[in-house]
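S.K.: no sequence for this one, just the structure:
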């Protein structure tokens, strides 16, 4: 029986994935059994096939994860990646981004204990960018000021595949980390990857062809090294139109929203829903004011919609 090898899942499509060994060599593998459990970012144990039985390896075991970033709707669970250090949520000034989808992605990050940052692309579109930047005021300032404040870094970007300024701004934030790039179609994820990973398009084509036997379909998720030492990685994920949070309880939401969490301990009732109760410290801060401890009415509307959605999913 051949010995077990250890490697990193760097791409996946359907039930097949590409596993990279520590020497940089790669092999297509499939899971043992019917269900694929390995996702990009997983460390796995795998076995090569016996002589004369093809080239594909078999995944024997997914090693323990530090974290798993995923979404869940009424129908299914979609895992993005495992063992990541941060999530870069990439949105654009145009097309206008959905604040609800942004909030959902950030809540999923908080629930998984994964730091997040926001990239706002298309700063060259002056007026649309100014409007988008203003919409992001609560995210840049939520949770107060000073030590212990919890808000999200927001990076102004104008992504092109030769953008030295953006590359210089991004690389220090990505150094030594595995970063999942998340965002809707049209935000500029492919441009970002090609900016930071020369030859990314070639890599994608080669892996896609290997996994799909030449069919013109892209891999669902792929990891790219952005340094020769293979210490810093980008994981590119497919665009999404919906981001379900059915894996969360309604009462978890406030803890996963820094502008809510900073006030929630001051409510009169320990099980406050922050929707209607008297003495609610969260509701007392909901106002149209640009103040670091204020909660924007739009953020509270999104919270109320999510609370209702998650409450209904429990029955």
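M.R.: Now that the structure is in, tell me what you want to look at. Because the structure is predicted, anything quoted here is derived from the model rather than measured.

S.K.: Look through this structure and tell me its longest strand.
M.R.: Longest strand in the chain by number of residues (criterion: DSSP state E): strand 4-13.

S.K.: what angle separates the helix or strand that that strand is followed by from strand 4-13?
M.R.: Past strand 4-13, further along toward the C-terminus, the next helix or strand under DSSP states H and E is strand 16-20. Strand 16-20 and strand 4-13 are oriented at 130 degrees to each other (axes from the mean of the first three to the mean of the last three CA atoms, to 10 degrees).

S.K.: for strand 16-20, packing partners?
M.R.: Counting contacts by 3 or more CB pairs under 8 Å, 6 or more residues apart in numbering; DSSP states H and E, strand 16-20 packs against strand 4-13, strand 26-31, strand 57-62, helix 200-212. Heads up, the C-betas are built off the backbone N, CA and C, glycines and all.

S.K.: which SS class is residue 194?
M.R.: Taking DSSP: H, G, I helix; E, B strand; the rest coil as the rule, one finds residue 194 in the helix state.

S.K.: is it true that it touches residue 201?
M.R.: Yes. With contact defined as CB atoms under 8 Å, residue 194 counts as touching residue 201 (6.2 Å).

S.K.: Which of the two has more residues huddled nearby?
M.R.: residue 194 (18 against 13; other CB atoms under 10 Å).

S.K.: which one is that one nearest to, not counting chain neighbours?
M.R.: Nearest residue to residue 194, sequence neighbours excluded (CB to CB, 6 or more residues apart in numbering): residue 161, at 4.8 Å.

S.K.: I figured the one you found hits residue 193, correct?
M.R.: No. Residue 161 is beyond contact range of residue 193, at 9.5 Å (criterion: CB under 8 Å).

S.K.: Near the residue nearest to residue 194, how many other residues are there?
M.R.: For residue 161, using other CB under 10 Å, the count is 14.

S.K.: Please report how far it lies from residue 191.
M.R.: Residue 161 sits 6 Å away from residue 191 when distances are taken as CB to CB, to the nearest Å.

S.K.: ok, and the closest non-adjacent residue to residue 7?
M.R.: Closest to residue 7 by CB to CB, 6+ apart is residue 19, at 4.0 Å.

S.K.: partners of that neighbour in the sheet?
M.R.: Taking DSSP bridges as the rule, residue 19 bridges to residue 9, residue 27.

S.K.: dump the residue contacts of it.
M.R.: Going by CB atoms under 8 Å, 6 or more residues apart in numbering, residue 19 touches 7-10, 26-29, 44, 46, 57, 59.

S.K.: ok, so of those residues, who is nearest residue 260?
M.R.: Nearest to residue 260 among those is residue 9, at 35.2 Å by CB to CB.

S.K.: in terms of contact, does the closest one touch residue 45 like I think?
M.R.: No. With contacts counted by CB under 8 Å, residue 9 stays clear of residue 45, the gap being 11.6 Å.

S.K.: quick one: which of these two has more around it?
M.R.: Using other CB under 10 Å as the criterion, residue 9 and residue 45 rank with residue 9 on top: 25 against 16.

S.K.: measure the more buried one to residue 50 for me?
M.R.: Residue 9 is 23 Å from residue 50, by CB to CB.

S.K.: how's the chain carved up into domains?
M.R.: The chain breaks down by automatic domain parsing into domains covering 4-62, 68-236, 250-312.

S.K.: Can you add distance to residue 244 and mean pLDDT and give the ones you listed back as CSV?
M.R.: CSV is the format used below for these (distance: least, CB to CB, whole Å; pLDDT from 0 to 100):
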stretch, distance to residue 244, mean pLDDT
domain 4-62, 17, 89
domain 68-236, 3, 88
domain 250-312, 9, 95
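
S.K.: can you pull out the helices in the stretch 101-250 of the chain?
M.R.: Using DSSP state H, counting those that start in this stretch, the helices of the stretch 101-250 of the chain run over residues 126-135, 137-141, 164-174, 189-196, 200-212.

S.K.: looking at those, which is buried most?
M.R.: Comparing the helices of the stretch 101-250 of the chain by mean neighbour count (mean count of other CB atoms under 10 Å), helix 189-196 ranks first with a mean of 21.

S.K.: Report the angle between that helix and helix 164-174.
M.R.: Relative orientation of helix 189-196 versus helix 164-174 (the same axes, to 10 degrees): 90 degrees.

S.K.: Quick one: residues in contact with helix 189-196.
M.R.: Contact partners of helix 189-196, identified using CB under 8 Å, 6+ apart, comprise 90, 119, 157, 159-163, 166-167, 170-171, 174, 181, 183, 200-201, 224, 226, 234, 236-237, 239.

S.K.: So residue 136 versus residue 157, what's the distance?
M.R.: Taking CB to CB, one finds residue 136 at 13 Å from residue 157.
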